[in-house]
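Undergrad: model the following, please.
(one chain, ligands or ions: 3)
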Amino acid sequence: MLVVFAVDIAMVKDAEPLPALLTTSDAVSDAAAKVMASGEFKATLGETLLLHSPNGLKAERLLLVGLGKAKSLSVDEVRKGGGAAVRAAKPRDLRDIAIAFPEDHALSDEHLDELPCLLVSRALVEGALLGDSDYDTYKSDRKDTALQSLSVIAKEAEKSTRSEIQEGFDEGVIIAGAQNFTRSLVNEPGNVLTPTVLGQRAEAMCAEMGLKCEVFSTETLHELKMGAFWAVAQGSPEPPALIVMTYEPKLEKGKSAAKDAPVLGLVGKGITFDTGGISIKPADGMEKMKYDMAGAGAMIGAMRAIAQLKPKTKVIGVVCSAENMPDGKAFKPGDVVTAMSGKTIEIVNTDAEGRLVLADGLHYAKTLGCTHLIDAATLTGACVVALGILNAGLFSNDDATSDKFQEAMKLSGEKFWRLPCTDDYRDQINSQIADIRNTGGTRWGGAITAAMFLKEFTEETPWVHLDIAGCAWNDEVKPWIAKGPSGIAVRSIVEWVRSYSA
Ligand code: BES
Ligand code: ZN
Ligand code: ZN
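TA: Ligands and ions are numbered 1, 2, ... in the order given. Coordinates of the predicted model:
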């Protein structure tokens, strides 16, 4: 099957759609001419139309894929288009696909600045491979419909363009591979993916990709005095896992790393199931809390891509994984625990457990030498109330670091919205009896008070916090991606890491 993209070039508002193909190939244009003129295909984003035995083409099928309005065409639409093409192929059992590289100059004489060759190629491949994954692992009647081959066909052009398309293709394979790896972890149910198993999966990935990996458990938590992390873990018979993955860049011969070279710390919340603990959650929807390790999944996936893309910066991934259970041995509201940093915490609600494991994870990452920190966590329902499911929350104690992340977002196409994390909110986590409490005094601004809590443990170290509670799981079917785990944050984190070696 050959895939070709189309956009709607109608300029006037509410005008009839005017679909146009993003190809300069006369053969493809001729084959599609009739249906393009029929008005049946409007080129809306994700719309597809399949032609059999297209006239004059070697391909058995020609699939038209809409990318929406030409005016708003960006790399993101190309990514979705790649996904829509593959997802249209799957139910038809078409497993060998060739995609015609979208030629924006088919519309005008110029290339659009927003559509650099390398990024378009990368997004196209990312979209196709993300669209290829289905989460039917546990269906007994599952059929393997995975792609067998994916080709991108581009016209012979200047050499640089050709190599850019190839480079984008290769990067797309790595990045989507990492994101799909994350998605497969997040999809696992809590009885399969315990903290121990998450540690094993991370170890196997690191062994395959040439990263150093260490997995610690209860004893080490006690040795390191991780009282906050342990408080959460203590109520489950499943032992916790502290997963540490290290990427060291290869230095040129005879060179040593600069003394002030950044070391990036990627810290993930890995609650493999969150019942809420003694402050137990309502039964309704609790089954979704298997995805409370999506932040950890994102960091493990990001490390996988980093191992392959080989940036020039040292990166340490730290995952704090535990199960949050009610039990005779579980921590309780009113308990006071001491975090690794020495700060004392009054537990007000055992369901605010993510910030506790991250408190020790962030502090620990600093002791390993991290100069910049980023964390990802399905941290608060309040963030979902604030931003819905289209934007995830972004918080930071440092504008320069936050700006760098926001630049990375432009390349990744993921959406995060910055919310405040300023000291005027600090009072809300004051405790009567300890240094801080683990919830805000009221319901209001719950995503911010959670971020303020984390900030107590990053202190002066530049840090970005990503609250992905609303975006880590897709509940709606989209033409370009399956329902289920989204793999949010992997692409942006990888891009952010790469921006330190530019
Ligand atoms: N894992 C939840 C947050 C969450 C909610 C993730 C919805 C995904 C979807 C977190 O541990 C939690 O329960 N947070 C509480 C905090 C509260 C007790 C201060 C919340 O958001 O209700
Ligand atoms: Zn919770
Ligand atoms: Zn949680």
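Undergrad: report how many residues lie close to the spatially closest residue to Trp463 that is not a sequence neighbour.
TA: Sequence neighbours aside, Leu373 is the residue nearest to Trp463 in space, at 4.2 Å (criterion: C-beta to C-beta, 6 or more residues apart in numbering). C-beta coordinates here come from the backbone N, C-alpha and C atoms, glycine included. Counted by other C-beta atoms under 10 Å, the residues lying close to Leu373 total 28.
Undergrad: also Gly210?
TA: Residues near Gly210, counting by other C-beta under 10 Å: 10.
Undergrad: for it, what are its contacts?
TA: The contact partners of Gly210, taken as C-beta atoms under 8 Å, 6 or more residues apart in numbering, are Ala307.
Undergrad: bridging residues for the residue nearest to Trp463?
TA: Beta-bridge pairing for Leu373 (DSSP bridges): Gly265, Trp463.
Undergrad: pLDDT value on the residue of the stretch 301-450 of the chain found nearest ligand 2, please?
TA: The minimum distance from the stretch 301-450 of the chain to ligand 2, using C-beta to the ion, falls at Asp351 (3.8 Å). Per-residue pLDDT puts Asp351 at 98.
Undergrad: and the pLDDT at Met11?
TA: Looking at Met11, the pLDDT reads 88.
Undergrad: and His105, by the same measure?
TA: 85.
Undergrad: ditto for Ala128
TA: On the pLDDT scale, Ala128 gets 98.
Undergrad: identify the residue nearest it in space, chain neighbours excluded?
TA: Gly82 (4.0 Å).
Undergrad: correct me if wrong: the one you found contacts Glu126.
TA: Yes: the pair Gly82 / Glu126 is scored as a contact, 7.0 Å apart, by C-beta atoms under 8 Å.
Undergrad: of those two, who's got more company?
TA: Gly82 (32 against 28).
Undergrad: after the helix or strand encompassing that one, which helix or strand is next? Please name it.
TA: According to DSSP states H and E, Gly82 maps onto helix 75-89. Using DSSP H and E, the helix or strand that follows helix 75-89 in sequence is strand 96-100.
Undergrad: give me the helices and strands touching the helix holding Gly82, please.
TA: On a contact count with 3 or more C-beta pairs under 8 Å, 6 or more residues apart in numbering; DSSP states H and E, helix 75-89 meets strand 2-8, strand 48-52, strand 61-69, strand 96-100, helix 117-132.
Undergrad: include distance to Lys42 when you put those into a markdown table, please.
TA: Output for the helices and strands packed on helix 75-89, formatted as a markdown table (distance: least, C-beta to C-beta, whole Å):
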| stretch | distance to Lys42 |
| --- | --- |
| strand 2-8 | 7 |
| strand 48-52 | 10 |
| strand 61-69 | 7 |
| strand 96-100 | 20 |
| helix 117-132 | 20 |
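Undergrad: ligand 3 is nearest to which of the ones you listed?
TA: Using C-beta to the ion and comparing those, the one that lies nearest ligand 3 is helix 117-132, at 25.4 Å.
Undergrad: correct me if wrong, but Ile300 is in a helix.
TA: Yes: assessed by DSSP: H, G, I helix; E, B strand; the rest coil, Ile300 belongs to a helix.
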